[in-house]
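Asker: below are the sequence and a predicted model; questions follow.
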Amino acid sequence: MPHPIMFDDDDPGLAELRRIALDFPGAAEKVSFGRPVFHAPKMFAMYGGTCKTTGETVAFPHSVLVKVDEAERPALEQDGRFFSPMYFGPFGWLGLDLTAAEADWEEITELVDASFRLAAAKKLIRELDARRR
């Protein structure tokens, strides 16, 4: 049984994430777990997530999930906008709640870039670096 669709295609946050994520080399979008996932071919960003706290599941439909460097994780976890997404958190992912404060798309671009670099093949990272010179 497939997951239900848990996003609105007209969401402006999703549109902005698409603009950012699909600019990376080899990036594509698919729907997985009922949410938009950006991959190249490994997943490097997702729109929307959930978190389980004290036995209660909390939905963050307007959020960006990214893989973070373990050295950066403690600092990001101190920021109240971030949460540990169900299923993905134990594998190095954090979610950024876009409704907790006005979204800083420059910051989000940096987070997506770092996540891409953790997930993508070295060839794609070289291509990205060559583009940005």
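Answerer: Looks like it came in fine. Numbering: from 1, shown residues only.
Asker: alpha carbons only: can I get the strand or helix carrying residue 18 in PDB?
Answerer: Using DSSP states H and E, residue 18 sits in helix 12-21. Taking Å, rounded to 0.1, in the frame of the first residue of the first chain, the C-alpha atoms of helix 12-21 are listed here in PDB:
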ATOM      1  CA  PRO A  12       5.700  28.100  -1.900                       C
ATOM      2  CA  GLY A  13       8.300  26.500   0.400                       C
ATOM      3  CA  LEU A  14       8.300  23.400  -1.700                       C
ATOM      4  CA  ALA A  15       8.700  25.600  -4.900                       C
ATOM      5  CA  GLU A  16      11.700  27.300  -3.400                       C
ATOM      6  CA  LEU A  17      13.300  24.000  -2.300                       C
ATOM      7  CA  ARG A  18      12.700  22.600  -5.800                       C
ATOM      8  CA  ARG A  19      14.500  25.600  -7.300                       C
ATOM      9  CA  ILE A  20      17.400  25.100  -5.000                       C
ATOM     10  CA  ALA A  21      17.700  21.300  -5.000                       C
END
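Asker: counting contacts, what elements does that helix pack onto?
Answerer: strand 35-39, strand 43-53, strand 56-67, helix 105-119 (3 or more C-beta pairs under 8 Å, 6 or more residues apart in numbering; DSSP states H and E). Heads up, the C-betas are built off the backbone N, CA and C, glycines and all.
Asker: that one - what's its average pLDDT?
Answerer: When pLDDT is averaged over helix 12-21, the result is 98.
Asker: now residue 21, nearest residue through space, not along the chain?
Answerer: residue 38 (3.8 Å; C-beta to C-beta, 6 or more residues apart in numbering).
Asker: hmm, that neighbour is touching residue 29, no?
Answerer: Yes: applying C-beta atoms under 8 Å, one finds residue 38 in contact with residue 29, separated by 5.6 Å.
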